[in-house]
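>>> Generate a structure from the sequence data that follows.
(3 chains)
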Amino acid sequence: MRAGIRRAINTVMACLTAFAALLVILPLILILAFLVYQGASAVNLDFFTQLPKPVGEPGGGMANAIVGTLILIGLASCLGLPLGILGGVYLAESRDRRLPWVIRFLADVLNGVPSIVIGIFAYTVVVLPLRRFSALAGGFALAVIMLPIVLRTTEELVRLVPASLREAALALGIPEWKVILRVVLPTARAGIITGVMVSIARIAGETAPLLFTAFGNRFWHQGLLQPIAALPLQIFAYAIAPYDDWHRQAWAGALVLILMIFSSSLIARIVTKGRYSGVR
Amino acid sequence: MADGILVKQLNAWFGALHVLRDIDLTIAPGAVTAIIGPSGCGKSTFIRCLNRMHEVVPGARAQGQVLLNGEDLYGPRVDPVQVRRRIGMVFQKPNPFPTMSVFDNVAAGLRLDGVRNHALLDEAVQHALHQAALWGEVKDVLGKSGASLSGGQQQRLCIARALAVRPEVLLMDEPCSALDPIATAKIEELIVQLKKALTIVIVTHNMQQAARVSEATAFFLLGELVEFDKTTRIFTNPSDRRTEDYITGRFG
Amino acid sequence: MVQEGGTAEGLSLPRLAHPTRTTGRWGDHLYRLLIRAAALALLVLVLGLVIVMIRAALPSIRTFGWRFPFTSTWDPVAQRFGALPLIYGTIVSSVLALLIAVPLGIGAAVYLSEVAPPWIRPPISFLVEMLAAVPSVVYGLWGIFVLAPWLRTQVQPALGSTLGFLPLFQGPPYGVGMLAAGLILAIMVVPFIIAVSREVLLAVPNEQREAALALGATRWETTRLAVLRYARSGLIGAILLGLGRALGETMAVTMVIGNRPEISASLFAPGYTMAGMIANEFTEATSDLYLSALVEVGLLLFVVTVIVNTLARLLVWSMGGAVKEVRE
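Residues are numbered from 1 along each chain as shown, chains lettered A, B, ... in the order given. Here you go, the predicted structure:
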């Protein structure tokens, strides 16, 4: 008798957890469905090639925003990637006693800082001295967001390279820096690329830190020291505006943004297929 | 009185890998049966088939008949969960629940069954701890975490936990391999005491242990049952050449 | 000369230095300098962030003192700022989000780690990861045009007529408001809770499950007895991580919360979060004091999220060596 009840409870709980899993996925499906439904109609060649039209005029596109996002990612990578990879190598290889622990802790702290706070940081450090919003400021903010991700991934990856590989190279009389450059990093390459793509996917979608650094621009940017458009910024601006045409373009922008993000995640996944099983 | 187990044509697989072939074995009640053999011969898989733990691993399956008191444990309407109440198991590495006290560990099986009466639980836990020769050492620390005991004590705690639900059979998968010689000796003593009320099947890679505690011994090799006989016969005058080679240390 | 070197498994192998090597020396020196510089750069960045923010918030701190988090007025014209409605909005929306996301998230994690047949795990995990990759602004977009109208036309009227005696569900159904913010935050936070919970659950040694199964426990009883109890602190860590994420979330929330710095008992009412206020007002700040007040809000947010996240990591880390680090 008691056994029957226990069996029943087991089945009920199994169903409940399955139901939870289903509920969790549901919003994703809904959101993707809406994106495609609403956005696909507005995604056309114009979207990719034209600038935003003035208020009230229908049509136009988000060419500058798409390019702007790419430029910002590029700028962020210039700062974030070298610091992140070198720092990751430091954490994995250094024989210092206390500093690595501190750095690791700070990287985790930085990872959890809300991106809007990082925006404030970038504002004070880049926008105020230059007295203007700029692509540089936006790139800096994104670099700070990207840094801890690249750092920790690189550290984890470099640690995974077997010590025996290192020992063999060192025993051949190769200096340590060459061992890192020619043996360790290439072995960890696939995983590091994944970390990089993951961090790019993350910063591509960031809006908050750009609100008062890159600021956005309805035209092509006039240089890295000028405000620059970015896809998420444009989506935000259009979404909260009162024009239907802009709403449609916001959906289109969102669709393009999601495709960009998913494809970089996908590339990351393909690159590491089978080679590395640690990162989830 | 304890029941014996009749195993007929037992086969087991891990995915496509055929790890047990056509095992036929009779496990006598009220006695200790030892399973010996080199690594990978299927002895752990075999006893895990007896309490239907083998199929817990994804991709694993078993086929055949395992008759406990005439009832086939692999019958079509048999609930594996119920099988495991009747056949208890002790593992190689002691695994008490660390978030539970000594008392709660032993009572765990009973509580699962819905026993709430504190007097009943008290009595059952005491009895089980006595049976496992652990009562004297833990009677004052029943509230401490199960993981705070020494290795040998933890293993006896696991034995008490298994005994508390009064199984008909106790399976032991290399119970002493993680323990020091003194703890091992205590558990072997325990086994000799327990077999009066229980049927015990013990997997061991230690042949002297098998010789010390068991009445019957089965020798497995590469998934097959090579020889099964009285322990004294197996170790002094085995019939199969392979058994003799293993016993004398020529391989394994 | 033999030095100790660390490897992934914590195994220490002696490393030989090269006393006879002279040509590689400068390369090694440069290399070690470079990587240490990169590490120090991170240190400088984080310290710089803290220092810069404190300095920028000083005028506001000096003007409003310790009463800043407890005052309700947010009046740019009179130059009087108090962060209480913002703190209220942040906490209420985050707590609401957790109330929804935690049972669903841990339930889904239990499903994935203990219940689901092996072939289901990869696709569902993949979908959960995709959920985590969707940017905040896209969630906000969906929130404005899909969620809020649905709430306004279907859900809120229904709640209002059935449960309207509770102050929680009173007031006009705007659609946007605290309820929308809580729901959208829940959707955004769930993937993180699932990811961390899964790691935590998988770190429970299999022997514990076997011990319970061998006693004749059902799958659910095994999960309850041997897994969830064992993983308790790690799961609390996962919840805290979700909280940290929710507290700092900006765009999606500000797009659906109504952006009014008011405190109300009703979930239908609009509100405002700390991050939202900064996002909306930073470029509109008309005075230095205003800007400084916004930075102070940011500082408060920073401190709270750092505390919550650090606590969370400690809890997850205390689960044992198998859960080495937390993926965000």
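>>> Going along the chain, name the helices of the chain.
Unless you meant another one, I'm taking chain A. Per DSSP state H, chain A carries helices over the ranges A:2-34, A:45-49, A:63-93, A:99-112, A:115-122, A:128-130, A:135-160, A:163-171, A:176-178, A:185-204, A:231-239, A:244-271.
>>> that's the other chain; I wanted chain C
Assigned by DSSP H, the helices in chain C fall at C:25-64, C:84-110, C:121-133, C:136-142, C:148-150, C:156-163, C:178-202, C:206-214, C:219-222, C:232-248, C:251-256, C:274-281, C:288-317.
>>> Check whether the first one comes near chain A.
Right, helix C:25-64. Yes: using Cβ under 8 Å from any Cβ of the partner chain, we find that helix C:25-64 touches chain A at C:25, C:27-28, C:30-32, C:34-39, C:41-43, C:45-46, C:48-49, C:52-53, C:56. Glycine gets a C-beta too; all of them are placed from N, C-alpha and C.
>>> Distance of the residue nearest the centre of chain B relative to residue B:34?
Most central residue of chain B, judged by C-alpha distance to the mean C-alpha position with Cα atoms, centre = their mean, is residue B:171 at 1.5 Å. Relative to residue B:34, residue B:171 is positioned 12 Å away (Cβ to Cβ, to the nearest Å).
>>> and for these two, which residues touch both?
Residues touching both residue B:171 and residue B:34 (Cβ atoms under 8 Å, 6 or more residues apart in numbering or on different chains): B:201-202.
>>> who in the stretch 101-250 of chain B is up against chain C?
Neighbours of chain C within the stretch 101-250 of chain B, by Cβ under 8 Å from any Cβ: B:108-109, B:112-113, B:158, B:161-162, B:165.
>>> Can you pick out the most distant pair from those?
Maximum pairwise distance among these (Cβ to Cβ): 18.1 Å, between B:113 and B:158.
>>> that older thread, now the helices of chain A as JSON lines including distance to chain B?
Formatted as JSON lines, the helices of chain A follow (distance: least, Cβ to the nearest Cβ, whole Å):
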{"stretch": "helix A:2-34", "distance to chain B": "5"}
{"stretch": "helix A:45-49", "distance to chain B": "47"}
{"stretch": "helix A:63-93", "distance to chain B": "32"}
{"stretch": "helix A:99-112", "distance to chain B": "27"}
{"stretch": "helix A:115-122", "distance to chain B": "38"}
{"stretch": "helix A:128-130", "distance to chain B": "53"}
{"stretch": "helix A:135-160", "distance to chain B": "26"}
{"stretch": "helix A:163-171", "distance to chain B": "26"}
{"stretch": "helix A:176-178", "distance to chain B": "40"}
{"stretch": "helix A:185-204", "distance to chain B": "27"}
{"stretch": "helix A:231-239", "distance to chain B": "42"}
{"stretch": "helix A:244-271", "distance to chain B": "24"}
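>>> do you know which of those helices lies nearest residue B:181?
helix A:163-171 (35.1 Å).
>>> so how far is that closest one off the chain centroid?
When distances are taken as Cα atoms, centre = their mean, to the nearest Å, helix A:163-171 is centred 34 Å away from the chain's centroid.
>>> Could you measure from the closest residue to chain A within the stretch 101-250 of chain B over to chain C?
Among the residues of the stretch 101-250 of chain B, residue B:114 lies closest to chain A, at 4.8 Å counting by Cβ to the nearest Cβ. Residue B:114 is 11 Å from chain C, where distance means Cβ to the nearest Cβ, to the nearest Å.
>>> and that residue, helix, strand or coil?
Three-state call for residue B:114 (DSSP: H, G, I helix; E, B strand; the rest coil): coil.
>>> count of residues packed around it?
Counted with other Cβ atoms under 10 Å in any protein chain shown, the neighbours of residue B:114 add up to 11.
>>> separation between it and residue C:227?
21 Å.
>>> How about residue B:121?
Plainly put, residue B:121 is 23 Å away from residue C:227 if you go by Cβ to Cβ.
>>> the more surrounded of these two?
It is residue C:227, of residue B:121 and residue C:227, that has more neighbours when counted by other Cβ under 10 Å, with 23 against 18.
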